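Q: Using only what follows, build the 3D model:
(one chain, ligands or ions: 2)
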Amino acid sequence: MAVKILAENIWKTFQTAGGPIDAIKNFNLSVEEGKFVSIVGPSGCGKSTFLRILAGLVPATSGNLKIFPGKDLTKPLNSVVFQEYAIFPWRTVLDNVSFGPEMRGVGKKERRELALHWIDAVGLNKFIDCYPHQLSGGMKQRVSIARALANDPEVLLMDEPLGALDAQTRNVLQEELLKLWEATHKTVIYITHSIEEAVLLSDEVVLMTSHPGTNKINFDINIPRPRDLKITGTPEFARLTLVIWEVLRDEVIAAMEDQR
Ligand SMILES: Nc1ncnc2c1ncn2[C@@H]1O[C@H](COP(=O)(O)OP(=O)(O)OP(=O)(O)O)[C@@H](O)[C@H]1O
Ligand SMILES: [Mg+2]
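A: Ligands and ions are numbered 1, 2, ... in the order given. Okay, the predicted model is just below:
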């Protein structure tokens with residue numbers, strides 16, 4: 001399988017009033033085309049910073065970033081789904097989802113069709129004319145996901161997209177993400193604090209060390225697809241989540257010590 005994203009030796013230092021802060025040091029990531037890769041690591045280890053670098057929102061201090069085929073990552077990967085509902089409160093669901101195509105100059109009829117397709121894919125047909133304040137948290141996050149997909153991104157970047165949701169809504173959206181991934185086979189880089197979520201959704205889980213984050217260890221998740229929530233009851237799922245937690249625990253404790 002072809003490599004889609006290659007990040008080599010990424011460092012990020014923020015200059016702050018209290019002096020420089022290393023957020024990421026010597027981080028490496030290679031993601032194959034069409035793979036779903038999760039990044040897991042303790043709070044403050046630099047996960048969001050790395051995603052922002054990938055999205056072109058902040059520059060890396062040093063290191064190489066490539067998106068294939070053959071391009072340097074110089075233009076933003078316009079496809080981020082954040083934990084906060086990053087949708088426009090003054091636009092309806094339809095207008096939020098058609099925003100990306102509109103910016104790209106796609107004609108009115110075509111962008112409406114595109115938006116309706118993705119709104120249907122996330123199950124919000126009945127809400128196309130609603131404004132964000134009329135929607136639940138889960139629905140708002142569905143709008144964010146539909147909006148990202150309507151951009152037909154080369155890579156979908158997701159920073160704890162389900163982090164603000166209650167457990168049941170989260171489970172429903174996890175299954176929806178599995179279905180969307182089956183339908184699109186997009187390359188996805190997904191940040192989560194939940195090991196269970198990472199194992200459920202991913203082909204690979206990349207574990208980062210505590211701050212400043214670097215690579216700890218990567219885990220291949222060879223649970224067959226298509227998957228649904230039922231796999232969370234299997235012995236292999238339990239084994240993987242436990243193995244990952246045993247490594248992550250040390251990093252979480254290190255991060256907590258660091259914050260004292
Ligand atoms: N704009 C900034 N200026 C200065 N320091 C920053 C900035 N953004 C992030 N940092 C620092 O970089 C480190 C990594 O932050 P980041 O938000 O990437 O962590 P994270 O892994 O996403 O954490 P969490 O799991 O809590 O979301 C932290 O120490 C943070 O304080
Ligand atoms: Mg973060």
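Q: From now on I want contacts and neighbour counts done on CA atoms only, so please keep to that.
A: Will do.
Q: how about the residues of the chain near ligand 1?
A: Contact residues (CA under 6 Å from any ligand atom) of the chain with ligand 1: Phe14, Thr16, Ala23, Pro42, Ser43, Gly44, Cys45, Gly46, Lys47, Ser48, Thr49.
Q: Which ones among the residues you listed lie within helices?
A: Counting by DSSP state H, the part of the residues of the chain next to ligand 1 found in helices is Lys47, Ser48, Thr49.
Q: re earlier: and the residues of the chain next to ligand 1, which two are furthest apart?
A: Maximum pairwise distance among the residues of the chain next to ligand 1 (CA to CA): 21.7 Å, between Thr16 and Pro42.
Q: So which residues of the chain form strands?
A: Ranges of strands in the chain, per DSSP state E, are 3-16, 19-32, 36-40, 62-67, 71-72, 80-81, 155-159, 187-191, 204-208, 215-220.
Q: Parallel or antiparallel, list what pairs with the first one.
A: By that I understand strand 3-16. Strand 3-16 sits in its sheet next to strand 19-32 (antiparallel), strand 62-67 (antiparallel), going by DSSP bridges.
Q: what's next to that strand, contact-wise?
A: Strand 3-16 has contacts (CA atoms under 8 Å, 6 or more residues apart in numbering) with 20-33, 60-69, 187.
Q: quick one: average pLDDT of it?
A: Here strand 3-16 scores 95 as its mean pLDDT.
Q: go on, the second one?
A: Taken as a whole, strand 19-32 carries a mean pLDDT of 96.
Q: What residues sit buried inside it?
A: Buried residues in strand 19-32, counted by 16 or more other CA atoms under 10 Å: Asp22, Ala23, Ile24, Lys25, Asn26, Phe27, Asn28, Leu29, Val31, Glu32.
Q: Now for the closest residue to ligand 1 within the stretch 51-200 of the chain, how many residues are close by?
A: Closest to ligand 1 within the stretch 51-200 of the chain is His193: 6.8 Å, counting by CA to the nearest ligand atom. Neighbourhood size, His193 [other CA atoms under 10 Å]: 16.
Q: got a list of what it touches?
A: By CA under 8 Å, 6+ apart, the neighbours of His193 are Val40, Gly41, Pro42, Glu160, Gly163.
Q: Was I right to think His185 contacts Leu149?
A: No. Assessed by CA atoms under 8 Å, His185 is found out of contact with Leu149, at 11.6 Å.
Q: which one of these two has more residues nearby?
A: Remark: of His185 and Leu149, Leu149 carries more neighbours, 27 against 14, as counted by other CA under 10 Å.
Q: where's that one relative to Pro235, distance?
A: 33 Å (CA to CA, to the nearest Å).
Q: next one: Phe68
A: 37 Å.
Q: More neighbours: the two, which one.
A: In terms of neighbours (other CA under 10 Å), Phe68 is the more surrounded of Phe68 and Pro235; the figures are 16 against 9.
Q: how long is stretch 11-23 end to end?
A: In stretch 11-23, first residue to last residue: 8 Å (CA to CA).
Q: likewise stretch 50-65?
A: 11 Å.
Q: What are the buried residues along it?
A: For stretch 50-65, by 16+ other CA under 10 Å, it's Phe50, Leu51, Arg52, Ile53, Leu54, Ala55, Gly56, Pro59, Ala60, Leu65.
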